[in-house]
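Trainee: With the input below, show me the fold.
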Amino acid sequence: MRMMARSVLIMEAITMGFALLLVRLENNSSDLAIGGAIAIALILTSGLLKKRWGWWLGSALQLATLLYGFVITSMFIMGAIFTALWFAAIFLGRKGERIRSELEAQAKKSSGAPASQ
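Mentor: Numbering: from 1, shown residues only. So this is what the prediction gives:
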């Protein structure tokens, strides 16, 4: 689950970098600084997913990316796509971890059982 979420955050930071190129053309330094802060926060948050609050921060950054659409309109669409990927990573990651733990429990159970003849 963590690997999928990290991938989403890193890809989102790269996309934010491309959005910053568009903002740079408009010469608006405050919008550029806000976008840069979001991009850096996305990268840093990808390393904080070991902690529960890192997931909350990642979710908050999804909202920040969506709201950056008021600066660059296309970020509404990209933010929505990455938000969907973020929540898909959480949902599918939890499901995958649950299945893996069930398989590990079955493997332990079958290896610990005496062999029948």
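
Trainee: Going by C-alpha atoms from here, please, whenever you check contacts or count neighbours.
Mentor: OK.

Trainee: secondary structure class for S101?
Mentor: Per DSSP: H, G, I helix; E, B strand; the rest coil, the local secondary structure of S101 is helix.

Trainee: confidence score at it?
Mentor: On the pLDDT scale, S101 is placed at 79.

Trainee: Can you list the residue ranges for helices in the protein?
Mentor: 2-26, 29-46, 52-67, 74-112 (DSSP state H).

Trainee: And the ones you listed, which one averages the lowest pLDDT?
Mentor: Among the helices of the chain, helix 74-112 scores lowest, with a mean of 85.

Trainee: which helices and strands does it pack with?
Mentor: Counting contacts by 3 or more C-alpha pairs under 8 Å, 6 or more residues apart in numbering; DSSP states H and E, helix 74-112 is packed against helix 2-26, helix 52-67.

Trainee: Need the helices of the chain in TSV (columns: mean neighbour count).
Mentor: Conversion of the helices of the chain to TSV gives the following (neighbours: other C-alpha atoms under 10 Å):
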stretch	mean neighbour count
helix 2-26	18
helix 29-46	18
helix 52-67	17
helix 74-112	14
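
Trainee: contacting residues for the nearest residue to R24 once chain neighbours are set aside?
Mentor: With sequence-adjacent residues excluded and distances taken as C-alpha to C-alpha, 6 or more residues apart in numbering, R24 is closest to L32, at 6.6 Å. L32 makes contact with L20, V23, R24, according to C-alpha atoms under 8 Å, 6 or more residues apart in numbering.
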